[in-house]
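Student: From the sequence below, what's the structure:
(one chain, ligands or ions: 1)
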Amino acid sequence: MAKFFLRKKIGDRVVSGHPWIFGNELGDSEGTAEAGDIVEVYSYNGSFVGQGYYNPASQIRIRLMSRDKTEVIDDKFIARRIRAAWEYRKKIGYVENCRLIFGEADMMPALIIDKFNDYFVIQTLSLGMEKWKGAIVAALNKIFEPKGIYERNDVPVRALEGMEQIKGFLSEPFDTNIILNENGLKFHVDIENGQKTGYFLDQQDNRRAIQNIVKDAVVLEAFCYTGTFSMHAAHYGAKSVLGLDISENAVATARRNAELNGFADKCKFEAVNAFDVLKKWATEGPKYDVVMLDPPAFTKSRENIQKAITGYKEINLRAMKLVKPGGFLVTASCTNLVPPEMFLDTIDLAAKDAKRTLRQVEWRTQASDHPIIRNIPTTQYLKFLIAQVL
Ligand code: SAH
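Tutor: Sure, this is the predicted structure:
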């Protein structure tokens, strides 16, 4: 196995637990490695740091999978990791649907597995993880005997690893339009053509958090996707709900979800650009008891953070103007590059401009089946605030 040595002074982040090693953090090496090979990493003074997979074509040259020198990384190792991740999810209360593997947080860098009851959707986002796809599928079959496994590798980030975008069955073909249960509601999920893996499991706990504030409320949800928050609002006693999304497909599914749950009268959906509508309504539109915002990630690159902040400020300012005095704003951000404090500061600025005072009800993050590893800051990506708008 090839050995790579970290450069002096650079290893701290890695030694203290971060699994990524960038090309410019590596010094000497011994032996040769091909793309996707498992290699050993040592600090500059020769102490063992970990082992992981190597890709010379990626800026993230090595991603560590184990800190144990004696552990053999093979098919059994992959199965052990998946089993351990499942035991952990069950332990913390996720039995039916969960993000089974959350990449780095499960020491399976660049691997995502979402479990929708009997169906599994996987993403292998690095070349090193792609190599283990067969082992991953075999382990899922053995542990869960699933009804179907699908890969949603139609993700641009794979280009950074020199890989193409693909999607398709990793099991016998099955009907990719499934229905999942969440918090006593049912949702249509389109595994093949839905966004990301088809469903946003990361908000599953937050959807419950709106329970009290939506009772008897007139609710607006912008960026509603398939209407998951809208459906929860109706379920928890909202008077009426309007959901907006730019995607015709998402809106069509949201309407079907309303039918499925018996809320077709209460929940209406429109395919529109939420930026335009919020802008227009902020001055002349109806007012709401509750406004909910869950926009997509506004940037994936550091250069555009300011643009993302401007976007957040704009939609939150307008949403606040739409909230009746004493009503509630529910606002989320999934942009990885915008840390929690920066998001809160932006909301504060929006409140100042809107001349409204915010009273914080809940400040949350992603569901705990997407674990946060304390020394891998990017594992905490979702910000979720519920505030009363005075
Ligand atoms: N809250 C949802 C997830 C929302 S994802 C859930 O928990 O399931 C973000 C959504 O914003 C996507 O459905 C996307 O289609 C939508 N979107 C992106 N740009 C938009 C725009 N300008 N106006 C309205 N919707 C938009």
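
Student: Is the helix or strand hosting residue 253 positioned near the ligand?
Tutor: Using DSSP states H and E, the secondary-structure element containing residue 253 is helix 248-260. Yes. Part of helix 248-260 sits near the ligand under the criterion Cβ under 6 Å from any ligand atom, namely residue 250. All C-beta atoms are positioned from the backbone trio N, CA, C, and that covers glycine.

Student: What are the boundaries of the helices in the stretch 151-300 of the chain?
Tutor: 204-209, 228-235, 248-260, 274-284 (DSSP state H, counting those that start in this stretch).

Student: tally of neighbours for residue 228?
Tutor: Other residues lying near residue 228 total 24 when counted by other Cβ atoms under 10 Å.

Student: ok, now which ones touch it?
Tutor: Counting by Cβ atoms under 8 Å, 6 or more residues apart in numbering, residue 228 touches 182, 187, 199, 200, 203, 207, 257.

Student: Find the pair from those with maximum spatial separation.
Tutor: The widest separation within these, taken as Cβ to Cβ, falls between 203 and 257 and amounts to 14.4 Å.

Student: re earlier: buried residues of the helix holding residue 253, list them for me.
Tutor: For helix 248-260, a neighbour-count test (16 or more other Cβ atoms under 10 Å) marks 250, 251, 253, 254, 255, 256, 257, 258, 260 as buried.

Student: need the residues of this structure near the ligand, please.
Tutor: Where the chain comes near the ligand, counting by Cβ under 6 Å from any ligand atom, the residues are 195, 200, 203, 223, 225-226, 228-229, 244-247, 250, 273-275, 294-296.

Student: quick check, distance from the helix holding residue 253 to the centre of its chain.
Tutor: Relative to its chain's centre, helix 248-260 lies at 21 Å (Cα atoms, centre = their mean, to the nearest Å).

Student: again with stretch 219-227
Tutor: Stretch 219-227 has its average C-alpha position 17 Å from the chain's average C-alpha position, going by Cα atoms, centre = their mean.

Student: any weak-confidence spans in the stretch 201-350 of the chain?
Tutor: When residues are selected by pLDDT under 70, none of them lie in the stretch 201-350 of the chain.

Student: if we can go back for a sec, who are the packing partners of the helix holding residue 253?
Tutor: With contacts defined as 3 or more Cβ pairs under 8 Å, 6 or more residues apart in numbering; DSSP states H and E, the secondary structure elements packing on helix 248-260 are strand 185-190, helix 228-235, strand 240-245, strand 267-271.

Student: contacts for the shortest one?
Tutor: To tie it back to what came earlier, the one meant is strand 267-271. Contact with strand 267-271 is made by 224, 227, 230-231, 234, 240-248, 250-251, 254-255, 258, as judged by Cβ under 8 Å, 6+ apart.

Student: Direction included, what does it pair against?
Tutor: Pairing partners of strand 267-271, with direction, according to DSSP bridges: strand 240-245 (parallel).

Student: Which residues does the helix holding residue 253 contact?
Tutor: 179, 186-188, 190, 193-195, 224-228, 230-231, 234, 243, 245, 264, 266-267, 269-271.

Student: export the longest strand anywhere in the chain as CSV, just CAs?
Tutor: Using DSSP state E to define each element, the chain has its longest strand at strand 323-333. Output in CSV follows, covering the C-alpha atoms of strand 323-333 (Å, rounded to 0.1, in the frame of the first residue of the first chain):
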residue,chain,number,x,y,z
VAL,A,323,-46.5,38.3,8.1
LYS,A,324,-49.2,39.9,10.2
PRO,A,325,-48.0,41.4,13.4
GLY,A,326,-47.6,38.6,15.9
GLY,A,327,-47.5,36.0,13.1
PHE,A,328,-44.6,33.7,12.4
LEU,A,329,-41.7,33.3,10.0
VAL,A,330,-40.3,29.9,9.4
THR,A,331,-37.0,30.2,7.4
ALA,A,332,-34.4,27.7,6.4
SER,A,333,-31.1,27.7,4.6
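
Student: ok, and for that strand, which residues are buried?
Tutor: If you call a residue buried by 16+ other Cβ under 10 Å, then strand 323-333 has these buried ones: 323, 327, 328, 329, 330, 331, 332, 333.

Student: coming back round to it: quick one: the helix holding residue 253 to strand 185-190, angle?
Tutor: For helix 248-260 and strand 185-190, the angle between their directions (axes from the mean of the first three to the mean of the last three Cα atoms, to 10 degrees) works out to 150 degrees.

Student: Can you check what angle separates helix 248-260 from helix 228-235?
Tutor: Angular relation of helix 248-260 and helix 228-235 on a 0 to 180 degree scale: 20 degrees, by the same axes, to 10 degrees.

Student: in what helix or strand does residue 64 lie?
Tutor: With elements taken from DSSP H and E, the one containing residue 64 is strand 60-66.

Student: could you check the angle strand 60-66 makes with the helix or strand that that strand is followed by?
Tutor: Tracing the chain past strand 60-66, the next element assigned as helix or strand by DSSP H and E is helix 75-91. Using the same axes, to 10 degrees, the inter-axis angle of helix 75-91 relative to strand 60-66 is 70 degrees.

Student: in its sheet, what does the helix or strand just after helix 75-91 sit against?
Tutor: Following the chain from helix 75-91 toward its C-terminal end, the next helix or strand by DSSP H and E is strand 97-102. Take DSSP bridges as the rule and strand 97-102 pairs in its sheet with strand 111-116 (antiparallel).

Student: Off-centre distance for the partner strand?
Tutor: Relative to its chain's centre, strand 111-116 lies at 11 Å (Cα atoms, centre = their mean).

Student: for the record, mean pLDDT for that strand?
Tutor: Averaged across strand 111-116, pLDDT comes to 98.
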